[in-house]
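K.L.:
Requesting a structural model of the entry that follows:
(one chain, ligands or ions: 1)
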Amino acid sequence: MEIETVEPYSAVMDSFLRQCGGYAVIDGGLATELERHGANLNDPLWSAKCLISSPHLIKRVHLDYLEAGANIIISASYQATLQGFESKGLSTEEGENLLRRSVEIAREARDLYYDRAAKGSWNITGDKDGITRRRHPVLVAASVGSYGAYLADGSEYSGIYGENVGLETLKDFHRRRVQVLADSGADLIAFETIPNKLEAKAYAELLEEEAINIPAWFSFNSKDGTNVVSGDPIADCALIAHSCEQVIGVGINCTPPRYIHSLIQSIRRVTTKPILTYPNSGETYDANRKEWLPSTGISDVDFVSHVGKWCDAGASLVGGCCRTNPNTIRAISKALSSRSNVASPVEF
Ligand SMILES: [Zn+2]
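P.N.:
Predicted structure coming up:
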């Protein structure tokens, strides 16, 4: 009898991290970077609005992050939901096509980046001889934002959905989008800015029940360094991720840098899965005024000075979220490459 060996999901991340030299760079904020380029995202669809109005800009921002050293680029589907598209008058089919398009744009950016790297039009890794050019490995992650992100009322920063929103409601809300993204050609699904335990549970059950056959990461947000934003302990949330086979990474995003270290420590206590972190700039989003309040924001340099400490605590994937930009990612890439042990770079 022939025994079929199926590669475990975790092998995808293990071999990717090996290729990256042990540490991988996640991209920076997408929506806020689109805004910095002039896009008006004051809309319930937020960055997904650009899938309709300016896909070329999304591609450009992905490319900027690749050029800055990102190994993982995250698609513009964070706030792209079939329900959101429907309320704009789009059909289910049109909505599904836009979801697929978000991943296609990221894949096109990766192809373009590889092409340009091969032609040597960018000094990707600063090769000394100028002859052997190396490119860094790149994965495309399909973003799934939380139910709170769809509500567009800031509740992904409170995690309070009310009594009427239970596990089944959340599963039904996310089901079709997750199915479409799983078949879109993405390398993994990035469940981002997860504000509570309930939604993590909904994702884990969906991945299992729908037999989603690409890996995923779970990334939570926090405003105190101990709990996710709803008040559920980060350790409980990370345990849900730990117990789900498809989940190949667990971590924290869109959270001020000052809380990251203790959150990583708490996650490390409950899982051996790779830990990822892509904090925001440290500024606070005011959902009522729909703007980022200055004040506690820290500079790129300060942000990056924490990276080594985060890696020492267990993180192996680091990037940036809202209000970070290609400069942040360039600096993170530099910080990580000094720790990396690139044994087998991809050569042209
Ligand atoms: Zn963010």
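K.L.:
Can you report how many residues lie near the residue in the stretch 1-150 of the chain that the ion sits nearest to?
P.N.:
Among all residues of the stretch 1-150 of the chain, G29 sits closest to the ion, at 5.8 Å; criterion: C-beta to the ion. Just so you know, the C-beta spots here come from the backbone N, C-alpha and C atoms, and that holds for glycine as well. Neighbour count for G29, taken as other C-beta atoms under 10 Å: 27.
K.L.:
now swap in G38 and tell me
P.N.:
8.
K.L.:
Could you check the pLDDT of it?
P.N.:
Listed pLDDT for G38 reads 96.
K.L.:
can you check I3 too?
P.N.:
Reading off the model, I3 has pLDDT 63.
K.L.:
got any ranges where the chain has weak pLDDT?
P.N.:
1-6, 121-135, 294-301, 342-348 (pLDDT under 70).
K.L.:
Can you show me the strands along it?
P.N.:
Assigned by DSSP state E, the strands in the chain fall at 24-25, 72-74, 134-135, 139-144, 188-194, 216-220, 247-253, 275-278, 284-286, 291-293, 315-318, 346-347.
K.L.:
Adding mean neighbour count, write those out as JSON lines.
P.N.:
Compiled in JSON lines, the strands of the chain are given as follows (neighbours: other C-beta atoms under 10 Å):
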{"stretch": "strand 24-25", "mean neighbour count": "28"}
{"stretch": "strand 72-74", "mean neighbour count": "28"}
{"stretch": "strand 134-135", "mean neighbour count": "17"}
{"stretch": "strand 139-144", "mean neighbour count": "26"}
{"stretch": "strand 188-194", "mean neighbour count": "28"}
{"stretch": "strand 216-220", "mean neighbour count": "28"}
{"stretch": "strand 247-253", "mean neighbour count": "28"}
{"stretch": "strand 275-278", "mean neighbour count": "28"}
{"stretch": "strand 284-286", "mean neighbour count": "15"}
{"stretch": "strand 291-293", "mean neighbour count": "13"}
{"stretch": "strand 315-318", "mean neighbour count": "24"}
{"stretch": "strand 346-347", "mean neighbour count": "11"}
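K.L.:
For S91, which of those strands is the nearest?
P.N.:
Counting by C-beta to C-beta, S91 lies closest to strand 139-144 out of those; the figure is 21.0 Å.
K.L.:
coming back round to it: just send the strands of the chain back as a markdown table, with distance to A182 too.
P.N.:
Shown next, in a markdown table, are the strands of the chain (distance: least, C-beta to C-beta, whole Å):
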| stretch | distance to A182 |
| --- | --- |
| strand 24-25 | 21 |
| strand 72-74 | 15 |
| strand 134-135 | 26 |
| strand 139-144 | 8 |
| strand 188-194 | 7 |
| strand 216-220 | 9 |
| strand 247-253 | 14 |
| strand 275-278 | 20 |
| strand 284-286 | 29 |
| strand 291-293 | 32 |
| strand 315-318 | 21 |
| strand 346-347 | 26 |
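K.L.:
Can you add distance to the ion and give these back as JSON lines?
P.N.:
Shown next, in JSON lines, are these (distance: least, C-beta to the ion, whole Å):
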{"stretch": "strand 24-25", "distance to the ion": "17"}
{"stretch": "strand 72-74", "distance to the ion": "10"}
{"stretch": "strand 134-135", "distance to the ion": "27"}
{"stretch": "strand 139-144", "distance to the ion": "10"}
{"stretch": "strand 188-194", "distance to the ion": "6"}
{"stretch": "strand 216-220", "distance to the ion": "10"}
{"stretch": "strand 247-253", "distance to the ion": "6"}
{"stretch": "strand 275-278", "distance to the ion": "8"}
{"stretch": "strand 284-286", "distance to the ion": "8"}
{"stretch": "strand 291-293", "distance to the ion": "10"}
{"stretch": "strand 315-318", "distance to the ion": "15"}
{"stretch": "strand 346-347", "distance to the ion": "30"}
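K.L.:
This completes my enquiry, with thanks.
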